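In: requesting a structural model of the entry that follows:
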Amino acid sequence: MGKPTGFMDYARRELAQRAPSERINDWQEIKTSSLPHREELRCQASRCMDCGVPFCHSGIMLNRMVSGCPLHNLMPEFNDLLYRGMDAFAYARLAKTNNFPEFTSHVCPAPCEGACNAGLASAPVTIKNIEQYIIENAFEQGLVQPGKPARRSGKRVAVVGSGPAGLACADQLNRAGHLVTVYERADRPGGLLMYGVPNMKLDKKLIARRVQLLQEAGITFALNAEVGVKLASSTLLEEYDAVVLCTGATVPRDLPVKGRELAGIYFAKEYLHGVTKSLLDSNFADGLAVDAKDKDVVIIGGGDTGNDCMATVIRQGCRSVRQLEINPCLPHCRAEDNPWPQFPRVFKTDYGQEEAICKFKEDAREFCVTTKEFIGETGHVTGLRLCQNQWQQVNGRRVPVDIAGTERVVPAQLVLLAMGFTGSEQRLLDEFGVAKAANGSIAADDKNYLTSVPGVFAAGDARRGQSLVVWAIAEGRGAAAAVDKYLAAQGE
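Out: Residues are numbered from 1 along each chain as shown. Next comes the predicted model:
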């Protein structure tokens, strides 16, 4: 490495985000540009130690969580190149394994940093910040070009779904010379990245910029083209040599308690979709987004989606917001059963929660809370009946047990369910006749991504279940390699 003592010479410093008091007044990117911080980022890159056996790019599952990067990004190499001022080479190294660093540097929870060896001695390298700089600098310098193939194979592939898995799969297959058409049921490409992640977390201009490059490379996008509604699966199977299902795990987990039928209760997925679409279509002039203005909002679910909902309702001008989590609060440092290099299951305060603290002067999160009932008047939700719980072992399983005497009612005119997803939509499975896995996703082989239907493959959350964007990109790349091998075996 260029500076073996870098991790001792420099403290970890992350790029600053815009102040919460400023950013809650608009829908623009919360992150500051990395480009003005070139020299600081070179110092941060020098913190990548000469560790001998790096775990940052391992991408292995430990204790049911990923450790290191599933894309196997070559962090030590591009860190060293950046430190030496060889920015173009750093981009070349990053682009070898990651199709879309501009996406992962914004929305990935960075399992690479959790597995960084420097984290054992001091603090991990700021890999996400460095990745953001490398890709944005590459765009600024004109280094990012359409991936046009040298020749065409004549084979045609349909990719269903334009989320990170679908885009990565299409990119790789196009580079291999195949003619690729991406079918997307929404009016804009990007899938989860477009409508499932708020604009302030991932500016949609970044998606449009990448999609334009993919189109220039020869990929065709068919929008408002829902398979099974606008066109039949039989059409794709007849017209294409292979079909790849990258439709995500889009069935949200419900909360079937008394009062669930009341108006004003939404899945986070549909809420965020509507807000982002209204923002992009008309800057909210169409009035089609669910509005939290002057409402007491309750978000059920403590993950990233719940945090995104919190940031969104604050920008809409909610009167109050609380985020309920059925599980206990995580520890502030690694527990004994969560050692390095496992993904660190530790307490963190994300951007939406920071904004809630800024606006309401207190943390909006509540832990070990069970929702017992939705309360309403004239058919609309007005509150929730809650109960504190305590996790106990019951019949060999760890379950939440209500604590007597802790029931209470909180006001809510808007409730958002952000409790994750349970798998793929059954209608799509029926449309193609593919087998279903135990976790509700599409059953497909781990090595060749092939479903139970010949010529039909699956990748991303549609295959592995709800997961990370970085996993989706890795799956898309893996499926593309499997499809390319399959098509080669078919002959000319």
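In: have a look at the chain and report its longest helix.
Out: Longest helix in the chain by number of residues (criterion: DSSP state H): helix 469-490.
In: flag every buried residue along that one.
Out: Buried residues in helix 469-490, defined by neighbour count with 16 or more other C-beta atoms under 10 Å: 469-484, 486-487. C-beta: built from backbone N, CA, C; applies to glycine.
In: do the same with stretch 57-76
Out: Applying a neighbour-count criterion of 16+ other C-beta under 10 Å, one finds 57-59, 62, 66-76 buried in stretch 57-76.
In: that one: how far from the chain's middle?
Out: 16 Å (C-alpha atoms, centre = their mean, to the nearest Å).
In: and it, end to end?
Out: Terminal residues of stretch 57-76 lie 9 Å apart, using C-alpha to C-alpha, to the nearest Å.
In: do stretch 339-351 as well
Out: 26 Å.
In: that older thread, mind exporting the longest helix of the chain as CSV, just the C-alpha atoms?
Out: Extracted as CSV, the C-alpha positions of helix 469-490 are listed here (Å, rounded to 0.1, in the frame of the first residue of the first chain):
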residue,chain,number,x,y,z
VAL,A,469,-29.1,-3.2,-3.5
VAL,A,470,-25.5,-4.5,-3.6
TRP,A,471,-26.8,-8.0,-3.5
ALA,A,472,-29.2,-7.2,-6.3
ILE,A,473,-26.4,-5.9,-8.6
ALA,A,474,-24.3,-9.0,-7.8
GLU,A,475,-27.3,-11.3,-8.6
GLY,A,476,-27.9,-9.4,-11.9
ARG,A,477,-24.3,-9.9,-12.9
GLY,A,478,-24.4,-13.6,-11.9
ALA,A,479,-27.6,-14.2,-13.8
ALA,A,480,-26.2,-12.5,-16.9
ALA,A,481,-23.2,-14.8,-16.8
ALA,A,482,-25.5,-17.8,-16.5
VAL,A,483,-27.7,-16.6,-19.4
ASP,A,484,-24.7,-16.0,-21.6
LYS,A,485,-23.5,-19.5,-21.0
TYR,A,486,-26.9,-20.9,-21.7
LEU,A,487,-27.2,-19.0,-25.0
ALA,A,488,-23.8,-20.1,-26.0
ALA,A,489,-24.9,-23.7,-25.5
GLN,A,490,-27.9,-23.1,-27.7
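In: what segments of the stretch 51-200 of the chain are helices?
Out: Using DSSP state H, counting those that start in this stretch, the helices assigned to the stretch 51-200 of the chain run over residues 75-83, 87-97, 101-107, 111-114, 118-121, 127-140, 164-175.
In: which neighbouring elements make contact with the third one?
Out: Contact partners of helix 101-107 among helices and strands, from 3 or more C-beta pairs under 8 Å, 6 or more residues apart in numbering; DSSP states H and E: helix 127-140, helix 204-216, helix 469-490.
In: domain map for this protein?
Out: 6-140, 156-250+422-490, 265-417 (automatic domain parsing).
In: can you put those domains in TSV and add distance to Pro256 and mean pLDDT?
Out: As requested, those are arranged in TSV below (distance: least, C-beta to C-beta, whole Å; pLDDT from 0 to 100):
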stretch	distance to Pro256	mean pLDDT
domain 6-140	26	94
domain 156-250+422-490	13	96
domain 265-417	11	97
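In: which one of the ones you listed lies nearest to Gly147?
Out: Across those, Gly147 has its closest neighbour in domain 156-250+422-490 (4.7 Å, C-beta to C-beta).
In: for the closest one, how far is the first residue from the last?
Out: 12 Å.
In: with stretch 20-31 instead?
Out: End-to-end distance for stretch 20-31: 11 Å, by C-alpha to C-alpha.
In: how about stretch 410-430?
Out: Separation of the first and last residues of stretch 410-430 by C-alpha to C-alpha is 42 Å.
In: could you do stretch 417-435 as well?
Out: End to end - C-alpha to C-alpha - stretch 417-435 spans 28 Å.
In: can you dump the C-alpha coordinates of the helix or strand Thr312 falls within into CSV?
Out: Per DSSP states H and E: Thr312 is located in helix 304-316. Extracted as CSV, the C-alpha positions of helix 304-316 are listed here (Å, rounded to 0.1, in the frame of the first residue of the first chain):
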residue,chain,number,x,y,z
ASP,A,304,-34.3,1.8,6.4
THR,A,305,-37.7,2.1,4.8
GLY,A,306,-39.2,3.4,8.0
ASN,A,307,-36.4,5.9,8.2
ASP,A,308,-37.1,7.0,4.7
CYS,A,309,-40.8,7.5,5.6
MET,A,310,-39.8,9.6,8.6
ALA,A,311,-37.7,11.9,6.4
THR,A,312,-40.6,12.2,3.9
VAL,A,313,-43.4,13.0,6.4
ILE,A,314,-41.2,15.7,8.0
ARG,A,315,-40.7,17.4,4.7
GLN,A,316,-44.5,17.3,4.2
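In: off-centre distance for that helix?
Out: 15 Å.
In: dihedrals phi and psi, the closest residue to Glu407 other than its chain neighbours?
Out: What sits nearest to Glu407 in space, not counting adjacent residues and going by C-beta to C-beta, 6 or more residues apart in numbering, is Cys387, at 4.9 Å. Main-chain dihedrals, Cys387, degrees, to the nearest 10: phi -150, psi 140.
In: check contacts around the spatially closest residue to Lys96 that is not a sequence neighbour.
Out: Counting by C-beta to C-beta, 6+ apart, Leu74 is the residue found nearest to Lys96 once chain neighbours are left out, at 6.9 Å. Taking C-beta atoms under 8 Å, 6 or more residues apart in numbering, we find Leu74 in contact with His57, Arg93, Leu94, Lys96, Thr97.
In: does the second one touch Glu77 like I think?
Out: What it means is Arg93. Yes: contact criterion C-beta atoms under 8 Å: Arg93 and Glu77 qualify, at 4.8 Å.
In: picking up where we left off before, which one of the buried residues of stretch 57-76 is nearest to Asp363?
Out: Using C-beta to C-beta, the buried residues of stretch 57-76 come closest to Asp363 at Val66, 27.7 Å.
In: what's across from that closest one in the sheet?
Out: Beta-bridge partners of Val66, counted by DSSP bridges, are Met61.
In: got the contact list for it?
Out: Gly59, Ile60, Pro111, Phe343, Leu468, Trp471.
In: same check on Cys309?
Out: Counting by C-beta under 8 Å, 6+ apart, Cys309 has contacts Ala268, Tyr271, Leu272, Ile299, Gly352, Leu416, Ala418.
In: and if we set it to 7 Å?
Out: With contacts defined as C-beta atoms under 7 Å, 6 or more residues apart in numbering, Cys309 is in contact with Ala268, Tyr271, Leu272, Ile299, Leu416, Ala418.
In: and which of those residues is nearest to Arg175?
Out: Leu272 (31.9 Å).
In: before we move on, back to that, now do the phi/psi pair for the residue nearest to Lys96.
Out: According to degrees, to the nearest 10, Leu74 has phi -90, psi 70.
In: what about the helices in the stretch 201-350 of the chain?
Out: Assigned by DSSP H, counting those that start in this stretch, the stretch 201-350 of the chain shows helices spanning 204-216, 233-239, 268-282, 304-316.
In: tell me the most buried of these?
Out: helix 304-316 (a mean of 24; mean count of other C-beta atoms under 10 Å).
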